[in-house]
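Trainee: take a look and give me a structure for this.
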Amino acid sequence: MLTRIISGAVGVVLLGVILFFHDTPVLPIAVAAIIAVMLFELLRAVKLHKCIPVFFASEVAGVSVPLIYHLTKTDKALCDYTVAGIQGSPEFYSAKVAEVNSILQFCIYLIAAFVIFVTWLRNHKEIRYEQIFFVLAVMILVPQAMTTMLRIEQYDSENGLFLLVMGLCGAWIADTGAYFTGVAIGKHKLCPEISPKKTIEGLVGGIVTTAAVYTAAFSIYYGFTAQRAAIAFITGAVCAVIGTVGDLSASMVKRQIGFKDYGKIMPGHGGLMDRFDSVLFVLPTFYAFIAVFGVQ
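Mentor: This is a model prediction of the structure:
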């Protein structure tokens with residue numbers, strides 16, 4: 001228990017430092033590092049972490065996503081600053097920057113997929129199609145989901161940090177609420193074969209806790225209105241449900257593979273996939289809600 005507490009405290013401090021420098025290149029670099037570790041843990045789960053071509057291709061493709069996204073935003077801002085008032089349209093040059101970087105991202109993924117398939121063809125007796133398509137899936141899912149941290153932070157230039165913290169909390173508050181509710185009154189198992197400790201009462205507790213925290217946080221930060229409170233409540237509830245689906249999905253993969261934890265980078269907690277499994281689902285959901293419904 002002491003190891004778990006110390007490890008968790010170190011993780012919180014590191015996350016705090018990253019969030020403190022959220023408006024600098026520290027955030028995209030940190031996101032890229034998290035993606036690299038998560039992809040390694042997932043490749044290790046399907047025994048392809050020692051296959052150098054597959055490992056290298058998936059890592060390069062994954063890490064490139066947050067870095068190119070940050071580069072796109074930086075270049076667009078630079079274009080707006082240097083082109084405005086000189087000649088041409090800043091919007092035109094910004095669009096061209098985004099288009100070039102999108103093509104670059106596409107090419108990186110295309111080359112990575114080509115390398116993976118060629119490696120599969122050369123080692124078809126040792127590598128099965130389930131392993132290959134698992135790698136291709138996580139190579140897209142993990143980087144895109146985690147890069148949502150940058151999208152959320154840059155969605156609102158003045159309140160990006162608050163939104164990013166709330167996006168991350170959407171997963172972790174639900175876990176905390178579900179845990180304490182389950183310990184107190186949990187009797188009916190949710191998915192006993194996948195996650196024996198999760199209960200239906202815990203799920204409901206996590207949903208209510210997240211919805212209540214979101215409602216209070218957004219009302220305090222932006223000011224209370226009935227519409228904002230309602231949207232925040234629904235957003236929190238949906239994020240809690242989606243986070244549980246992500247948690248159970250990651251647990252199901254571990255069960256079928258025969259793993260207890262994805263890694264050991266956080267003693268007492270497991271790997272980064274064990275900590276960010278629900279975050280993978282919650283961050284895109286939270287971003288969709290703030291973009292479509294304007295929770296803020």
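
Trainee: for the helix or strand where Thr244 lies, which helices and strands make contact with it?
Mentor: Using DSSP states H and E, Thr244 maps to helix 226-257. Packed against helix 226-257, as judged by 3 or more C-beta pairs under 8 Å, 6 or more residues apart in numbering; DSSP states H and E, are the following elements: helix 26-45, helix 160-185, strand 195-199, helix 200-222, helix 279-292. All C-beta spots, glycine's among them, are computed from the backbone N, C-alpha and C.

Trainee: which SSE is immediately downstream of the strand or helix carrying Pro66?
Mentor: Per DSSP H and E, Pro66 falls inside helix 52-83. Counting by DSSP H and E, the next helix or strand C-terminal to helix 52-83 is helix 90-122.

Trainee: tilt between whichever helix or strand comes after that next one and helix 226-257?
Mentor: Beyond helix 90-122 on the C-terminal side, the first helix or strand identified by DSSP H and E is helix 129-155. Helix 129-155 runs at 160 degrees relative to helix 226-257, counting by axes from the mean of the first three to the mean of the last three C-alpha atoms, to 10 degrees.

Trainee: show me which residues of helix 129-155 are buried.
Mentor: 131-132, 134-136, 138-140, 142-155 (16 or more other C-beta atoms under 10 Å).

Trainee: count of residues packed around the residue nearest to Ala45 when sequence neighbours are not counted?
Mentor: With sequence-adjacent residues excluded and distances taken as C-beta to C-beta, 6 or more residues apart in numbering, Ala45 is closest to Ile257, at 5.3 Å. Ile257 sits with 12 neighbouring residues when counted by other C-beta atoms under 10 Å.

Trainee: which residues touch Asp261?
Mentor: Lys254, His269, Gly270, Gly271, Asp274 (C-beta atoms under 8 Å, 6 or more residues apart in numbering).

Trainee: could you tell me the least trusted of the helices and strands packed on helix 226-257?
Mentor: Lowest mean pLDDT within the helices and strands packed on helix 226-257: strand 195-199, at a mean of 84.

Trainee: now that one - C-alpha only, CSV.
Mentor: What follows is strand 195-199, C-alpha atoms only, in CSV (Å, rounded to 0.1, in the frame of the first residue of the first chain):
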residue,chain,number,x,y,z
SER,A,195,-13.5,-7.1,-13.4
PRO,A,196,-14.7,-9.0,-10.3
LYS,A,197,-14.5,-6.0,-8.0
LYS,A,198,-16.8,-3.7,-10.0
THR,A,199,-20.4,-3.4,-8.9
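
Trainee: circling back: just want the angle from the helix holding Thr244 to strand 195-199.
Mentor: 160 degrees.

Trainee: what is the orientation angle of helix 226-257 with helix 26-45?
Mentor: Using the same axes, to 10 degrees: helix 226-257 against helix 26-45 is 30 degrees.

Trainee: just the C-alphas of stretch 260-276, formatted as PDB.
Mentor: Taking Å, rounded to 0.1, in the frame of the first residue of the first chain, the C-alpha atoms of stretch 260-276 are listed here in PDB:
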ATOM      1  CA  LYS A 260      -2.400  -8.800 -14.500                       C
ATOM      2  CA  ASP A 261      -1.000  -5.400 -15.400                       C
ATOM      3  CA  TYR A 262       0.100  -3.800 -18.700                       C
ATOM      4  CA  GLY A 263       3.400  -2.700 -17.200                       C
ATOM      5  CA  LYS A 264       5.400  -1.800 -14.100                       C
ATOM      6  CA  ILE A 265       6.300   1.800 -14.700                       C
ATOM      7  CA  MET A 266       4.100   2.800 -11.700                       C
ATOM      8  CA  PRO A 267       4.800   0.400  -8.900                       C
ATOM      9  CA  GLY A 268       1.500  -0.600  -7.200                       C
ATOM     10  CA  HIS A 269      -0.500   0.700 -10.100                       C
ATOM     11  CA  GLY A 270       0.800  -1.100 -13.100                       C
ATOM     12  CA  GLY A 271       1.600   0.500 -16.400                       C
ATOM     13  CA  LEU A 272       0.400   3.700 -18.100                       C
ATOM     14  CA  MET A 273      -2.300   1.700 -19.900                       C
ATOM     15  CA  ASP A 274      -3.700   0.700 -16.500                       C
ATOM     16  CA  ARG A 275      -3.900   4.300 -15.400                       C
ATOM     17  CA  PHE A 276      -5.100   5.800 -18.800                       C
END
